[in-house]
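J.: Have a look; sequence and predicted model below, questions after that.
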Amino acid sequence: MIEIQKRYEAQKVRIEELEAENGAMRNENQELREEIKCLREKCAELERRMEEGIEKAVGEATAALYVQLREREKEIEILKAKIGKDSTNSSKPPSTDGKGKKVRNNRERSEREVGGQPGHKGHTLRVPNNLSELAEQGKIKLKIEDHTNGATEYVTSYTVGIETQVVWTEHRHKVGTRVTYVQYDASVKAFCVLLTEGEFVSLERTSEILELITNGQIAPSIGTIRNYIEESTAGSMSRYEELGQEILNSGIVHTDETPVRCTERLEIDDKGKESLETAKGKTFKVFIRVYSTLRAAYYTLNAHKGDAGIMRDGILATFLGILCHDHDKKLYKYGTQHGACNAHLLRDLKGLAELWQVEWANKFRKLLVDMNEHKKTDIASCKSPPVGCRQTDYEKFSETWDALLQEGTAALVLLPEGSCRYNELRRMIARLSNFKQEYMLFLQNYSVPFTNNLAERDLRHCKTKQKVSNSFRSWKGALNYVIIWSIIASAKKQNINILKAIADTFSHPFVSLT
C-alpha cells in the first residue's frame, strides 16, 4: 500500500513535471509561431522591397532606353525626310537629286490632249512670201537649178542651204593716219564671243570652227579670242548700265541668285578697299544674281550672297516697284510689294505631305492650284485682260485660306510638341500666315505671275556653263560673262539678232559672214 502510494506520488510529480514541461513547450511554441510570423512578415517586406527595387531599376533603365529609342526614331524620321527630299518636294535644285535617283514628274496632269495645243504656232519650213525682196536686199542668195531640160511647164520645189564667204574690205584713209594694216572686223569678233560666252564652246574649238567654215581663211588664236571677250565687255558697259536703269525703272522685277565656282574672289572690306583672293587647292563659291523683266535681264557678280552684294548691285536699294522672288527673307526689305514664288511653296507643301504625312498640306496645294486656274480662266474669258481678280472672288479665296490655316492649327495641337512633324507643320503655318499677302499678290494683281520662273529661266545658262567648264578661271572672266550675258539675254527678249547685238559692242562696223 505504501509502495502504491509512493508510485502514485511519483506519477503525480511526473505528471506535474510533464505538464510544466508541456506548458513551457507551448510557450516556446507560441514564441516560435510569433517569431515565424515576424520572419514571414519580414520576408514579405523584403520581397516587396526587392520587387519595388527591381521595378524601379528596370523602370529607370527602360526609361533611359525609351528616351534613346525616341531620339533614334526622331533621327530616323529626320534622315528619311532628308533622303526623300528632291527637286519635286523641296527647294533643292535638280543638281542635288543624285545619279540614278528616279524623280517623279512634278507637273500636275491636265485635261488637255497630248500634242500641240490650239493656237500653237507651228514651225513648218515654208517659202517666204518676200523671197525676191530678200534676194534684192542681199539677205539671201537665190539660185535656180533646172531639172527639166528647158521645159516651159514645171513643178517647183525648194532646198535651203547656207554658204559662208570671207569678206575682205579695203579701207582708205588720209595720208598720215595711223591705222592697223589688217585685222578682223566686228562680225568675226562677235562670232567668237557668241561661241565662247553664249554657247560655252572652248577657245580652241572656237578657233577650229571658224577655220573650218571659212576654208582655213579665218583662224584667230586663243589669245586673240580672249582679247575679243575683253573688248566686247568694255564696249558693253554703256548698254549694261542702260539695262540696269531699265530694270530700276520697271514696275515689276524678278530676282534670283545661283552659286558658281571660281578660282578667284573679290573681297571688299568695310572701308571699301578691294582685294583679289586666289583659291589654293580649291575653288570659291561666288554668286551670280539676275534682275529680270519681260524685256531685259541684268546680271551681277558678288563674292557673297548677303545684303552687301545687293547694295553694290545698285538696283534694289532705290527700287520702288513690285519685287518677285523665291521667298528670300533678306529681300523683303526692298521694293514696295512682293510676289513670293508659289512654285516653291507647292513643292514645300508636297514635301510636307509626302515626307511628314501631313495630309492637310495637299488641301492647301489644291487651293493654290485653284487660284491659279481661276486667274487663267479669268484672263482667257475677257477680251481685255482684267487688272486683277474680282473683289468677291478674292475674298472667297482669302476666307478659304484662313479656314485652312485654322484647320492646320487644330491639326498641330494633336501632334507631340517638339517633334519633327510638329516643327515642320508649325513653320509652314507661320509662313502661310505671315506672308499671305505676298503669296496671293498674283491673284490680286494679274501683272504679277504665279511663280518666279522668269528669273530662274534667266539663270539656267549659268548652271550649263558650270557643267561645261566646271569653274571660272578668274574673277575677271566671271565678270565678263555676266556683262556679256546681260546683252545676250536682253537681245533675246527683244527679238534682236544676238550676233548683231554682240557686234554692236565693238567699235568696228558689223559685216555679216553669210
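T.: Nice, thanks for sending it over. Keep in mind that what you see is a predicted model, and the values were worked out from it rather than measured.
J.: in what helix or strand does the closest residue to residue 231 other than its chain neighbours lie?
T.: The spatially closest residue to residue 231, leaving aside those adjacent along the chain, is residue 506, at 6.2 Å (CB to CB, 6 or more residues apart in numbering). C-beta here means a position set from N, CA and C on the backbone, and glycine is covered the same way. For residue 506, there is no enclosing helix or strand under DSSP states H and E.
J.: Tell me how many other residues crowd residue 490.
T.: Look at residue 490: counted by other CB atoms under 10 Å, it has 26 neighbours.
J.: and what of residue 450?
T.: By the criterion of other CB under 10 Å, residue 450 has 19 neighbours.
J.: quick one, what contacts it?
T.: Contacts for residue 450 (CB atoms under 8 Å, 6 or more residues apart in numbering) come out as 342-343, 372, 375, 442.
J.: CSV please, covering the residues you listed and showing neighbour count.
T.: Listed next are the contacts of residue 450 as CSV, based on neighbours: other CB atoms under 10 Å:
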residue, neighbour count
342, 25
343, 17
372, 17
375, 20
442, 24
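J.: Just flag the most distant two among the residues you listed.
T.: Farthest apart among the contacts of residue 450 by CB to CB are 343 and 375. That separation is 14.3 Å.
J.: Just to be sure, residue 260 is in a strand?
T.: Yes. Assessed with DSSP: H, G, I helix; E, B strand; the rest coil, residue 260 lies in a strand.
J.: which residues in this structure form strands?
T.: Using DSSP state E, the strands of the chain run over residues 252-262, 264-268, 274-278, 284-292, 297-302, 322-325, 337-340.
J.: for the first one, which positions count as buried?
T.: So the one you mean is strand 252-262. If you call a residue buried by 16 or more other CB atoms under 10 Å, then strand 252-262 has these buried ones: 252-258, 260-262.
J.: and that strand, what other elements does it pack with?
T.: If contacts are counted by 3 or more CB pairs under 8 Å, 6 or more residues apart in numbering; DSSP states H and E, strand 252-262 sits against strand 284-292, strand 322-325, helix 453-469, helix 475-493.
J.: where's residue 320 relative to residue 336, distance?
T.: 6 Å (CB to CB, to the nearest Å).
J.: Also residue 258?
T.: Counting by CB to CB, the gap from residue 258 to residue 336 is 26 Å.
J.: quick one on the thing from earlier: and of the strands of the chain, who's closest to residue 460?
T.: strand 252-262 (8.9 Å).
J.: Please work out the angle formed by the directions of the closest one and strand 284-292.
T.: With axes from the mean of the first three to the mean of the last three CA atoms, to 10 degrees defining the directions, strand 252-262 sits at 160 degrees from strand 284-292.
J.: so how far is strand 252-262 off the chain centroid?
T.: 11 Å (CA atoms, centre = their mean, to the nearest Å).
J.: can you tell me the average pLDDT over that strand?
T.: Mean pLDDT, strand 252-262: 96.
J.: now the angle between helix 475-493 and it, please.
T.: Using the same axes, to 10 degrees, strand 252-262 lies at 140 degrees relative to helix 475-493.
J.: Now do strand 252-262 against helix 453-469, angle only.
T.: Using the same axes, to 10 degrees: strand 252-262 against helix 453-469 is 10 degrees.
J.: and residue 92, what pLDDT?
T.: 68.
J.: same thing with the one 10 residues further on?
T.: The per-residue pLDDT reported for residue 102 equals 63.
J.: same deal with residue 514?
T.: Confidence score, pLDDT, at residue 514: 34.
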